[in-house]
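In: quick one, what's the 3D model for this:
(one chain, ligands or ions: 2)
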Amino acid sequence: MTSPATAQAPLIRLEEVTKVYPGRGRQSSPVTAVDGVSLEVMPGEIQAIVGYSGAGKSTLVRLINALEPATSGSITVDGTEVVGLSERQLRHLRLRIGMIFQQFNLFDSRTVWGNLAYPLHVAGVPKSEHQQRISELLHFVGLPDKAHVYPGHLSGGQKQRVGIARALATNPTLLLADEATSALDPETTGEVLELLNRVNAEFGTTIVVITHEMEVVRELADKVAVMEAGRIVESGPVFEVFSKPVQPVTRRFVGTVVDDLPPGPVLEALRARHTGRFVTLAFHDPEVRQSDVYAVLARHGVGFELIYGGIEEIQGVTFGNLTLALVGADDAVEQALADVRGLVPVTDLDRLEED
Ligand SMILES: Nc1ncnc2c1ncn2[C@@H]1O[C@H](COP(=O)(O)OP(=O)(O)OP(=O)(O)O)[C@@H](O)[C@H]1O
Ligand SMILES: [Mg+2]
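Out: Ligands and ions are numbered 1, 2, ... in the order given. The predicted structure is shown next:
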């Protein structure tokens, strides 16, 4: 390697982007749907954007593919400044952007084939090439035998596979997914997320996924940005945001997938069933394994029972909070805890209650 590493340019760069909608009625005042958002997404990354309803997520996506003009700020996609492009230039840009939706948005009056031929036609792909491309796409999404079926005869998961095939038809560099799994059951959601992971891995497609489900973030994303009232209030690698959420809204989201401390009523129920000293251990450090902690307990002759919490795998790193009931002589437990504290943060649930 003789050449120095060149800094890669982001595929999407948002700088101080704001979108204000005029009030809908005479009485209502303007709505700032997106408020001074700056964000960079690198090529090949999977960026999640989470937030509650009305946070401005969909608006942000519509700004990125220029379905709506920004009120102010700068948006570049794949090196092109989006703000101020002509309709013709925008059509060209959109060929490089695929989009999938919560309600799939397929043409119900056309077969799967017809749905996939449409973007090829728009992109000017000769008819003679449609057969091969459509067949490739259907194989990729696992529906090789559905070409002549109408969407009405497909399950939700199958419809979304067609939606993904359609979005990929023109080999986009960027895929935007707005609540793409929100209408699906958990198992089908898993299958669609797996498919999106394959899109990213096999084609290097950059993906922006909008969701209110932290499961989606955990399964799919490299990075996450949390939106509230039009602003990004917290962002970073998924692992970092999950392990150290700062903003209250982020804590609420992370709490939906990672059990923190056992809540009061749960703790009471646990006390009725288990004896011993209750402690919660936080595994956030990729270098520390559960077995390291158990070895320390064993060395001090302290027994334990795992009573609450769970360990997750996020981006290949073990992560989570475990609540243990420790059983042993008081001073053995005290000494073991002192050593355990050298490995992982410990919350002493017994002491917590005394405070
Ligand atoms: N075309 C529009 N005209 C006026 N206001 C709008 C328009 N579109 C969105 N808004 C407002 O902008 C804000 C953000 O809406 P947006 O749809 O981006 O939120 P969201 O985060 O996608 O929510 P959800 O999770 O419900 O889809 C909301 O207050 C919404 O009412
Ligand atoms: Mg939305």
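In: please, where are all the helices along the stretch 151-300 of the chain?
Out: Listed in chain order, the helices found in the stretch 151-300 of the chain under DSSP state H, counting those that start in this stretch are 156-168, 186-203, 214-220, 238-243, 248-255, 264-273, 290-299.
In: now mean neighbour count and mean pLDDT too, for the ones you listed, in JSON lines please.
Out: Backbone N, C-alpha and C define where each C-beta goes, glycine included. As requested, the helices of the stretch 151-300 of the chain are exported to JSON lines (neighbours: other Cβ atoms under 10 Å; pLDDT from 0 to 100):
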{"stretch": "helix 156-168", "mean neighbour count": "23", "mean pLDDT": "96"}
{"stretch": "helix 186-203", "mean neighbour count": "16", "mean pLDDT": "94"}
{"stretch": "helix 214-220", "mean neighbour count": "22", "mean pLDDT": "89"}
{"stretch": "helix 238-243", "mean neighbour count": "21", "mean pLDDT": "84"}
{"stretch": "helix 248-255", "mean neighbour count": "17", "mean pLDDT": "83"}
{"stretch": "helix 264-273", "mean neighbour count": "12", "mean pLDDT": "88"}
{"stretch": "helix 290-299", "mean neighbour count": "15", "mean pLDDT": "93"}
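In: let me have these in JSON lines, extended by distance to ligand 1.
Out: Converted to JSON lines, the helices of the stretch 151-300 of the chain look like this (distance: least, Cβ to the nearest ligand atom, whole Å):
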{"stretch": "helix 156-168", "distance to ligand 1": "17"}
{"stretch": "helix 186-203", "distance to ligand 1": "17"}
{"stretch": "helix 214-220", "distance to ligand 1": "13"}
{"stretch": "helix 238-243", "distance to ligand 1": "18"}
{"stretch": "helix 248-255", "distance to ligand 1": "12"}
{"stretch": "helix 264-273", "distance to ligand 1": "30"}
{"stretch": "helix 290-299", "distance to ligand 1": "37"}
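In: the strand or helix carrying Phe304 pairs with which strands?
Out: If you go by DSSP states H and E, Phe304 is part of strand 303-314. Using DSSP bridges, strand 303-314 pairs in its sheet with strand 317-327 (antiparallel).
In: what's the first helix or strand after the partner strand?
Out: helix 330-340.
In: list the buried residues of the helix or strand just after that next one.
Out: Remark: after helix 330-340, the chain's next helix or strand is strand 346-348, criterion DSSP H and E. Neighbour-count burial for strand 346-348 flags Val346 (criterion: 16 or more other Cβ atoms under 10 Å).
In: parallel or antiparallel, list what pairs with strand 346-348.
Out: For strand 346-348, pairing defined by DSSP bridges yields strand 277-283 (antiparallel).
In: average pLDDT across the partner strand?
Out: On average, the pLDDT along strand 277-283 is 90.
In: ok now that strand, how far from the chain's centre?
Out: Taking Cα atoms, centre = their mean, to the nearest Å, one finds strand 277-283 lying 28 Å from the centre of the chain it belongs to.
In: now it against helix 264-273, angle please.
Out: 130 degrees (axes from the mean of the first three to the mean of the last three Cα atoms, to 10 degrees).
In: contacting residues for the closest residue to ligand 1 within the stretch 151-300 of the chain?
Out: Residue nearest to ligand 1 within the stretch 151-300 of the chain (Cβ to the nearest ligand atom): His212, separated by 5.9 Å. For His212, the contact set (Cβ atoms under 8 Å, 6 or more residues apart in numbering) comprises 50-53, 179, 182.
In: between the helices of the stretch 151-300 of the chain, which one is nearest to Gly79?
Out: Closest to Gly79 of the helices of the stretch 151-300 of the chain is helix 186-203 (Cβ to Cβ; 18.7 Å).
In: which residues of this protein lie near ligand 1?
Out: When proximity is defined as Cβ under 6 Å from any ligand atom, the chain approaches ligand 1 at 21, 24, 31, 33, 51, 53-59, 212.
In: pull the contacting residues for the most centrally placed residue in the chain.
Out: Nearest residue to the geometric centre of the chain (Cα atoms, centre = their mean): Val217, 2.4 Å. For Val217, the contacting residues are 48, 50, 209, 211, 224, 238, 257, by Cβ under 8 Å, 6+ apart.
In: try it again at 7 Å.
Out: Applying Cβ atoms under 7 Å, 6 or more residues apart in numbering, one finds that Val217 lies in contact with 48, 50, 211, 224, 238.
In: hang on, the second one packs against Phe253?
Out: Yes: applying Cβ atoms under 7 Å, one finds Val50 in contact with Phe253, separated by 5.7 Å.
In: who touches both of the two?
Out: 214, 226.
In: so Gly73, which of the three states?
Out: strand (DSSP: H, G, I helix; E, B strand; the rest coil).
In: surely it touches Thr18?
Out: Yes: applying Cβ under 7 Å, one finds Gly73 in contact with Thr18, separated by 5.6 Å.
In: farthest pair within the contacts of Val217?
Out: The most widely separated members of those are Thr211 and Val238, with 12.2 Å between them, by Cβ to Cβ.
In: spatially nearest residue to Ala123 (excluding sequence neighbours)?
Out: Residue nearest to Ala123 in three dimensions, not counting chain neighbours: Thr170, with 4.6 Å by Cβ to Cβ, 6 or more residues apart in numbering.
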